[in-house]
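*Asks:* no sequence for this one, just the structure:
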């Protein structure tokens, strides 16, 4: 079945550091790929998405490119801020029902 | 346009009681998904509903759990005879009827604690 694998966490960075969070997937067909962010005590917010190979999703300085050849959707940001501290989930959606399959999530802490 | 609403935000039940979780989708959305987030884990799909129909319940435990999305009113996730292992955050998401958009919008979640 479908699965999403995220790098192990947690990750702690200093403000303005470069961020990469790895995500790889296994899926049948052609999934859509997503990054969701969860701030403490809140629900998930869509951060960005890509629906086909080589698409790049971007939002709030975050980017991720749908790489079909490596089945990856790594999240990057050039300069993180303290306010980016949250849990980040990679997810895919496939099939007629579009249900989401999530990775385990990774906690990012950014220190001033 | 109000987002996805869930209530209650926090729910405490003793073992053996029933838990009812409510979800009102975004206006114009007719698809509802329920997910469960256990501590230190990602979200797991439970059930997908459209108005008056259960489309996919492959993620639902076989016993004690049920879901509905009536013609009028919110979607309900019902857990009968709760056990400690049911303690988790339950999230509802909705999406519009168009197949062109598979983006799901999440509510704030209901955090269930079973004593």
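*Replies:* Thanks, I have it. Everything quoted here is computed from the prediction, not taken from an experiment.
*Asks:* tell me the pLDDT at residue B:98?
*Replies:* We have a pLDDT of 69 for residue B:98.
*Asks:* contact distance from chain A - what residues of chain B qualify?
*Replies:* B:4, B:6, B:31, B:33, B:35, B:41-45, B:48, B:55-56, B:59, B:91, B:93, B:95, B:102-109 (C-beta under 8 Å from any C-beta of the partner chain). Just so you know, the C-beta spots here come from the backbone N, C-alpha and C atoms, and that holds for glycine as well.
*Asks:* got the residue ranges for the strands in chain B?
*Replies:* Using DSSP state E, the strands assigned to chain B run over residues B:5-7, B:10-13, B:19-24, B:31-37, B:43-50, B:53-56, B:65-68, B:75-79, B:88-95, B:105-106, B:110-114.
*Asks:* circling back to that earlier point, give me the buried subset of the residues of chain B next to chain A.
*Replies:* Buried members of the residues of chain B next to chain A, scored by 16 or more other C-beta atoms under 10 Å in any protein chain shown, are B:4, B:6, B:31, B:33, B:35, B:42-43, B:45, B:48, B:56, B:59, B:91, B:93, B:95, B:102, B:104-109.
*Asks:* can you tell me the SS state at residue A:83?
*Replies:* For residue A:83, the assignment made with DSSP: H, G, I helix; E, B strand; the rest coil gives helix.
*Asks:* just give the nearest non-adjacent residue to it, would you?
*Replies:* Spatially, and ignoring its direct neighbours in sequence, residue A:83 is nearest to residue A:110 (7.8 Å; C-beta to C-beta, 6 or more residues apart in numbering or on different chains).
*Asks:* noted, bye for now.
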